[in-house]
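K.L.:
heads up, no residue letters with this:
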């Protein structure tokens, strides 16, 4: 049974992966403190931006501006990640029919000019505004400010042991992948960065990644 089949909402999967290093107990407390402080600050400071974006999505696409999607988190636990909706309604029903248009390797699907995007979708993705509601998941304890991006269950179904290690920590809003080029990197490079983070992270490293995320977002490299 793979990790996706074993993981039910609120329950952990058994992962046969290389163990991660032990970290001091104080690290976990500091990481959670950084998570809460970062999430609260981000949600308050970006509230006007998110409000305008939500109004714009409703205007150009109709319906709810928020999008909830099942993702796989730490130890295979599933949760509903919240984002701003960047696609038209029914877009995910077309996912299988568009696999041949995939522009990246590995079990993920990404393309620069996705025809399923509504008129504001590309801008929201390029600026990462669509990911700002992720900080709600951070406050809920389902995500961290820094960590590997949370994968879809169908992606995890194709992971090998090296990729599965990324489920040994909480997924993050940002991480080494986001500040290193995002979708310009191949899947193997992406997994290597996530594994490097798992093996080296400290609270100071998290703060450094958070600070480096701001210029990375402004450059918009690989964001689509």
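P.N.:
Everything's here; your move. Model, not experiment: these values are computed from the prediction. Residues are numbered from 1 along each chain as shown.
K.L.:
switch to C-alpha atoms for all contacts and neighbour counts from now on
P.N.:
Fine.
K.L.:
In this structure, what residue spans correspond to helices?
P.N.:
3-6, 25-45, 47-61, 121-126, 134-139, 153-156, 161-164, 187-200, 203-219 (DSSP state H).
K.L.:
Skipping its backbone neighbours, what lies nearest residue 124 in space?
P.N.:
residue 130 (5.3 Å; C-alpha to C-alpha, 6 or more residues apart in numbering).
K.L.:
if I read this right, the one you found contacts residue 87, doesn't it?
P.N.:
No. With contacts counted by C-alpha atoms under 8 Å, residue 130 stays clear of residue 87, the gap being 10.8 Å.
K.L.:
More neighbours: which of those two?
P.N.:
Neighbour count, other C-alpha atoms under 10 Å: between residue 130 and residue 87, residue 130 has more, with 24 against 21.
K.L.:
Let's see the pLDDT reported for the more buried one.
P.N.:
In this model, residue 130 is scored at 97, pLDDT.
K.L.:
which residues touch it?
P.N.:
83, 84, 85, 86, 124 (C-alpha atoms under 8 Å, 6 or more residues apart in numbering).
K.L.:
Now the residue nearest the centre of the chain: phi and psi?
P.N.:
Nearest to the mean C-alpha position of the chain, counting by C-alpha atoms, centre = their mean, stands residue 149 at 3.2 Å. Backbone torsions of residue 149, given as degrees, to the nearest 10, read phi -60, psi 140.
K.L.:
cool, residue 169 as well?
P.N.:
phi -130, psi 170.
K.L.:
ok, now which ones touch the residue lying closest to it once chain neighbours are set aside?
P.N.:
Excluding the flanking residues, the one nearest residue 169 by C-alpha to C-alpha, 6+ apart is residue 74, at 5.1 Å. Residues near residue 74 by C-alpha under 8 Å, 6+ apart: 167, 168, 169, 170, 171.
K.L.:
Tell me the one of these nearest residue 114?
P.N.:
residue 171 (24.9 Å; C-alpha to C-alpha).
K.L.:
Just want the phi and psi numbers for that closest one.
P.N.:
Dihedral angles (degrees, to the nearest 10) for residue 171: phi -70, psi 160.
K.L.:
correct me, but it touches residue 144?
P.N.:
Yes. In this structure, residue 171 is within contact of residue 144 by C-alpha under 8 Å, at 6.0 Å.
K.L.:
between the two, who's got more neighbours?
P.N.:
residue 144 (29 against 24).
K.L.:
That one and residue 123, how far apart?
P.N.:
25 Å (C-alpha to C-alpha, to the nearest Å).
K.L.:
now do residue 44
P.N.:
Distance from residue 44 to residue 123, by C-alpha to C-alpha: 21 Å.
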